[in-house]
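Colleague: have a look; sequence and predicted model below, questions after that.
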Amino acid sequence: MAAAESSPLTTHVLNTSDGIPGAKMALSLHRLDSQLMIWTMLSVGTTNEDGRCSVLISREDFTPGMYKLRFETGAYWESLDQTCFYPYVEVVFTINDPDQRFHLPLLMSRFSYSTYRGN
Amino acid sequence: MSAFRLQQVKGHILPENKIATMAGSPSPLTTHVLNTAMGVPGSNMSLSLHRQDPLTKAWNLITTGITNDDGRCPGLITTQLFTSGVYKLHFETAQYWGSRGEASFYPYVEIVFTINEPGQKYHIPLLLSRFSYSTYRGS
């Protein structure tokens, strides 16, 4: 998908408990308005069967600033009839050079998670 | 008894990193910051603990602190105050890396978690580099 490949920001949710993609997880992308100091929601989505969510933001909209990706982990595990220690996970990050590509995966289980900056 | 010997005896009775700043038993909630990039404790990092008001959803500050040389912060909360609810630990990660003359991808890290059984012990570490972090529920 050309649109997904050109998306400057991508994510990938992995369910490390079961060794499967974190499919059908709701997530949202927000940017901090640095003058008003409030978060503005830019997009919402749901991960596909591969745990990915295509086109979070376009190149044009991807300006320098502070962003957060919010993952609805509590709802995800609830749909699997399980509880989760984390009702949601928010990863807050700073973009100084929006010409680069940023891949922010979430590797998670019911009682742990990790993330890193990839590309 | 020499000062050194006294310190040794204290260590046998109560590990130093569990001596709470508040009177009474050690905090049922603990954290530990580790700088995985350099293989050292994440010392001198500012952090804060908050509880969410279940009705208004607003966050109420419980404690602020700074990690010690071992990357720990004793005395986060007392057993009495540690009730069921949604909490968050906020770590000033960019400030930490900035004090080392380095930039950080994450301006701060917030870990939001649900406590249903406040009688248990919860250890919530943060393993951190400039471009990655992880956490887990320990005890």
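Modeller: Yep, it's here.
Colleague: can you give me the strands for chain A?
Modeller: A:9-15, A:20-21, A:26-33, A:38-46, A:65-71, A:89-95, A:102-108, A:112-116 (DSSP state E).
Colleague: partners of the fifth one in the sheet?
Modeller: What it means is strand A:65-71. strand A:26-33 (antiparallel), strand A:89-95 (antiparallel) (DSSP bridges).
Colleague: contacting residues around stretch A:9-24?
Modeller: A:4, A:25, A:27, A:29, A:46-54, A:56-57, A:62, A:67, A:69, A:71, A:76, A:79, A:101-110, A:112 (CB atoms under 8 Å, 6 or more residues apart in numbering or on different chains). All C-beta atoms are positioned from the backbone trio N, CA, C, and that covers glycine.
Colleague: and if we set it to 6 Å?
Modeller: With contacts defined as CB atoms under 6 Å, 6 or more residues apart in numbering or on different chains, stretch A:9-24 is touched by A:25, A:46-47, A:49-53, A:56-57, A:102-107, A:109.
Colleague: got it, and stretch B:107-116?
Modeller: A:85-87, A:92, A:94, B:84, B:86-94, B:133, B:135.
Colleague: sketch out the low-pLDDT regions of chain B for me.
Modeller: B:1-24 (pLDDT under 70).
Colleague: center of it - which residue?
Modeller: B:Thr31 (3.1 Å; CA atoms, centre = their mean).
Colleague: gap between the nearest residue to that one once chain neighbours are set aside and B:Thr114?
Modeller: Closest residue to B:Thr31 apart from its sequence neighbours, by CB to CB, 6 or more residues apart in numbering or on different chains: B:Ile124 at 5.2 Å. Using CB to CB, to the nearest Å, B:Ile124 is found at 12 Å from B:Thr114.
Colleague: would you turn the strands paired with strand A:65-71 into a markdown table with distance to A:Thr10?
Modeller: Formatted as a markdown table, the strands paired with strand A:65-71 follow (distance: least, CB to CB, whole Å):
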| stretch | distance to A:Thr10 |
| --- | --- |
| strand A:26-33 | 11 |
| strand A:89-95 | 13 |
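Colleague: B:Ser48: which of those is closest?
Modeller: For the strands paired with strand A:65-71, the distance to B:Ser48 is smallest for strand A:89-95, at 14.9 Å, taking CB to CB.
Colleague: at the contact with chain A, which residues of chain B appear?
Modeller: B:Phe105, B:Tyr106, B:Pro107, B:Phe113, B:Thr114, B:Phe131, B:Ser132, B:Ser134, B:Tyr136, B:Arg137 (CB under 6 Å from any CB of the partner chain).
Colleague: what is the burial count for the second one?
Modeller: Close neighbours of B:Tyr106, defined as other CB atoms under 10 Å in any protein chain shown, add up to 22.
Colleague: who are the contact partners of the residue nearest the centre of chain A?
Modeller: Residue closest to the average C-alpha location in chain A (CA atoms, centre = their mean): A:Leu69, at 4.3 Å. By CB under 6 Å, 6+ apart, the residues touching A:Leu69 are A:Leu29, A:Val91, A:Leu104.
Colleague: for chain B, which segments count as strands?
Modeller: Under DSSP E, chain B gives strands at B:29-35, B:40-41, B:46-52, B:59-66, B:85-91, B:109-115, B:122-128, B:132-136.
Colleague: can I get the strands of chain A in JSON lines including mean pLDDT and distance to B:Met38?
Modeller: Output for those, formatted as JSON lines (pLDDT from 0 to 100; distance: least, CB to CB, whole Å):
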{"stretch": "strand A:9-15", "mean pLDDT": "98", "distance to B:Met38": "27"}
{"stretch": "strand A:20-21", "mean pLDDT": "98", "distance to B:Met38": "33"}
{"stretch": "strand A:26-33", "mean pLDDT": "98", "distance to B:Met38": "29"}
{"stretch": "strand A:38-46", "mean pLDDT": "97", "distance to B:Met38": "32"}
{"stretch": "strand A:65-71", "mean pLDDT": "98", "distance to B:Met38": "25"}
{"stretch": "strand A:89-95", "mean pLDDT": "98", "distance to B:Met38": "21"}
{"stretch": "strand A:102-108", "mean pLDDT": "98", "distance to B:Met38": "22"}
{"stretch": "strand A:112-116", "mean pLDDT": "98", "distance to B:Met38": "16"}
